[in-house]
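>>> Dropping the sequence and predicted coords here.
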Amino acid sequence: MNRTILPNPDTDPSIRIPALLVATLANFLTPFMSSAINIALPAIGTEFAADAILLSWIPTSFLLAAAIFAVPFGRISDIYGMKRIFRYGIVLFTIASLLSAVASSALFLILFRILQGIGSAMIFVTGLAIVTSVYPSHERGKAIGINIAAVYVALSLGPVVGGVMTQHLGWRSLFYTMIPLGIAILALTCWKVKNEWAACRGERFDWKGSVLFSVVLVMIIYGFSILPGLTGIVLVLLGIVGFSGFLMFELRVNSPVLDVRLFKNTTFALSSLAALINFSATFAVVFLLSLYLQYIKGLDPQSAGLILVSQPVVMAIFTPIAGRLSDRFEPRKLASLGMALSTLGLFIFSLITAETGIAVVSAGLVVLGLGFGLFASPNTSAIMGSVERRFYGVASAMVSTMRLLGQMFSMGLALMVFALFIGNAQITPVQYPALLTSIRTVFMICTVLCFAGIFASLARRIF
């Protein structure tokens, strides 16, 4: 079998900083876009006269496409080259951004968002894999910490910056902004990143497994998006059953799109589970607190946004520090400490009332931001460091898939609780007590979920 000889990261340090720079910039680009668009949905709905269901597909279509194509493109990048797929992804994302900016209807915007999601999948599965490839193990945690910080900061800043841009420049400005950034990243990649990485060159691509994986993921993610309806429950259950069938199918394939044997590696399996739990428990925090601060506390969007910024600021400070520490100390302990602090932050929010002071909310956000920062990079470093170089693309794709599934589950959980306590009623002062009960209930569930995640993170040493 013909395999490409990979550059040795210990003897080729000149490509590390350029590779980290382009991967980090790209890692900011895609999650920022996915979170910023949510704040612009009312403006989009007004312009296109779109109903709530159609509007919900604008962010959902992006997440669906990104999740469906993450693992297949992770495998493709291992076979045909990470830098090549990364470049193609930047090109597709930039073109899709231009098309979205000039979309003439909600349906066209959804179509272009699907293309943007595919481009995003190509970007984030290769970006992390490239960083892992060029940095030696004793420096990898620091680099991954910087890379992952971009994701967390983008997810948190997206609604804040997106709100300001939508209010003053219009929702189309979000997409127009992506164009020069995409061109700059592409130019920097072609200019500075000269190496290519294809550890599985010559192997076959598992098309059947990829299609089966995509169908199963569509059922699970779309099912979450329409919970708590019966159709959503059925689709999620079918998706779970189908995923079991997918795993059995992959065991019989010589060159699988997802090598199931990776899950026999307890560090890989439990770290992936910990990532899923972390995103499931924490992604809806900004959404919930945005409603709390504006409806219950009566703040305007700008004031609420300034309070919510405290979380990404703490994350931006501590995620690279945690990454550096994971190079020296056991990542399992740092990640578990981060999960514990996240649990504490969620517990604080589960106790909020209409009289809770802004200082308490800010303190909870700081604790949660610190927990995010300590968990993300050590856990990701543990995942990437637990596999062979030939599986970097697939491992990176698994990190992204866990993030996307966690995001969908977190929002699905929040919407399900809202449907139970509020129903389809418009949020008015009459509904404020029910809204507060819903917010507290979601935070309680997420606290329990995150607490269980501590043991999933600690269990990596036991097995």
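In hand now; what should we look at?
>>> rest of the way, CA atoms for contacts and neighbours
OK.
>>> helices or strands up against the helix or strand where Ser214 lies?
Assigned by DSSP states H and E, Ser214 belongs to helix 207-225. Helix 207-225 makes packing contacts with helix 52-80, helix 230-250, helix 392-421 when contacts are defined by 3 or more C-alpha pairs under 8 Å, 6 or more residues apart in numbering; DSSP states H and E.
>>> Which one of those lies nearest to Ala150?
If you check each of the helices and strands packed on helix 207-225 against Ala150 by C-alpha to C-alpha, helix 392-421 wins as the nearest, at 13.5 Å.
>>> In the closest one, which residues are buried?
Buried positions in helix 392-421, judged by neighbour count with 16 or more other C-alpha atoms under 10 Å: 392-419, 421.
>>> Contacts only, for the residue nearest in space to the middle of the chain.
Central residue check for the chain by C-alpha atoms, centre = their mean: the C-alpha nearest the mean position is that of Arg403, 3.9 Å away. Shown here is Arg403, whose contacts under the criterion C-alpha atoms under 8 Å, 6 or more residues apart in numbering are 275-276, 279.
>>> Pull the residues that contact the helix or strand of the chain with the lowest mean pLDDT.
Among the helices and strands of the chain, helix 301-308 carries the lowest confidence by mean pLDDT, DSSP states H and E, at a mean of 74. Outside helix 301-308, the residues within contact range by C-alpha under 8 Å, 6+ apart are 156, 159-160, 163-164, 286, 289-290, 293-294, 362, 365.
>>> Dump the residues you listed to a markdown table, plus neighbour count and distance to Leu435.
Conversion of the contacts of helix 301-308 to a markdown table gives the following (neighbours: other C-alpha atoms under 10 Å; distance: C-alpha to C-alpha, whole Å):
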| residue | neighbour count | distance to Leu435 |
| --- | --- | --- |
| Ser156 | 26 | 22 |
| Pro159 | 27 | 20 |
| Val160 | 25 | 22 |
| Gly163 | 23 | 22 |
| Val164 | 17 | 25 |
| Val286 | 20 | 15 |
| Leu289 | 20 | 11 |
| Ser290 | 21 | 12 |
| Leu293 | 21 | 12 |
| Gln294 | 16 | 12 |
| Ser362 | 16 | 20 |
| Leu365 | 27 | 20 |
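>>> Closest one to Arg261 out of those residues, please.
Arg261 has its nearest neighbour among these in Ser156, at 34.6 Å by C-alpha to C-alpha.
>>> Can I get the helix holding Ser214 in CSV, CA atoms only?
Taking Å, rounded to 0.1, in the frame of the first residue of the first chain, the C-alpha atoms of helix 207-225 are listed here in CSV:
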residue,chain,number,x,y,z
TRP,A,207,-18.9,5.4,0.2
LYS,A,208,-21.6,3.0,1.5
GLY,A,209,-20.6,3.6,5.1
SER,A,210,-20.6,7.4,4.5
VAL,A,211,-24.1,7.3,3.1
LEU,A,212,-25.4,5.2,5.9
PHE,A,213,-23.6,7.5,8.5
SER,A,214,-25.2,10.6,6.8
VAL,A,215,-28.7,9.1,6.9
VAL,A,216,-28.5,8.1,10.5
LEU,A,217,-27.1,11.5,11.5
VAL,A,218,-30.0,13.3,9.6
MET,A,219,-32.5,11.3,11.6
ILE,A,220,-30.9,12.1,14.9
ILE,A,221,-30.2,15.8,14.4
TYR,A,222,-33.5,16.6,12.6
GLY,A,223,-35.3,14.6,15.3
PHE,A,224,-33.7,16.7,18.0
SER,A,225,-34.7,19.9,16.1
